[in-house]
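> pasted the sequence and its predicted model underneath.
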Amino acid sequence: WLEGLGKVTTDYRTGIMEFNSEGRQVTLSTGTEKGTKEVGLKSIERVWRGGGQIFAVVVENMGADLDRDEQQQGDVRELLEEFEGVLGEPKGLPPHREFDHRIPLVNEQHAIHVHPYRYAHFQKTKIEWQVAEMLESGLIQHSKSPFSSPVLLAKKKDGTWRFCTDYRALNAATIKDRFPIPSVDDMLDELAGSRYFSKLDLRA
């Protein structure tokens, strides 16, 4: 855009830019108001839907960003080393906590039993191998529970198989936990400019 203006006169002290566009003189000047104003997402959306023009300018010190990135990478590396046990392959169930996991059912619902799915014959060996591996590592154990849910395999991008359990029938009979869901607008304001995000499953 600037290259197409040709000769431009700029006075940074007064904040004025002058140039010729299609045979007429154009003067751009900075606003008279000092300081900045916070604008919410809804206000921006209202201006945009009304046909207004919106411009965003971001000025950053790239040298400072590089130094900060190196420091953050070092902090992340130290954090990964500190919690190496969390990121490793699990060996058994987690220890008992103050509140062990339980699934409350609606009106003392009867046992949920869903028949197994049909799957390709070549997947039978893969399912049995993963079950044996989880039994050996202590993640699961033999059970005679009246509850049952079908399993299936989903192929990953690397060609391996993910062991999945279909709990939809059980979820339908479960009493849901109620907690407030954060507003999207608030989350966008809080996460603006962020580069590193955490998630619950550190091994995903």
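Done, it's in.
> separation between the residue sitting furthest away from the middle of the chain and residue 6?
Each residue of the chain has a distance to the centre, and by Cα atoms, centre = their mean the biggest one is for residue 23: 50.8 Å. For residue 23, the distance to residue 6 equals 12 Å [Cβ to Cβ, to the nearest Å]. Every residue, glycine included, has its C-beta placed from N, CA and C.
> pLDDT value on the residue farthest from the centre of the chain, please?
Model confidence at residue 23, given as pLDDT, is 80.
> next one: residue 161
91.
> what are the phi and psi values at it?
In terms of degrees, to the nearest 10, the main-chain angles of residue 161 are phi -120, psi 140.
> what count of nearby residues applies to it?
15 (other Cβ atoms under 10 Å).
> give the bridge partners for the nearest residue to it once chain neighbours are set aside, please.
Excluding its sequence neighbours, the residue lying closest to residue 161 (Cβ to Cβ, 6 or more residues apart in numbering) is residue 153, at 4.3 Å. Bridge pairing for residue 153 (DSSP bridges) gives the partners residue 163.
> distance check, residue 153 against residue 162.
For residue 153, the distance to residue 162 - Cβ to Cβ - is 7 Å.
> ranges for the strands of this protein?
Remark: strands assigned in the chain by DSSP state E are 8-11, 16-21, 24-29, 151-155, 161-165.
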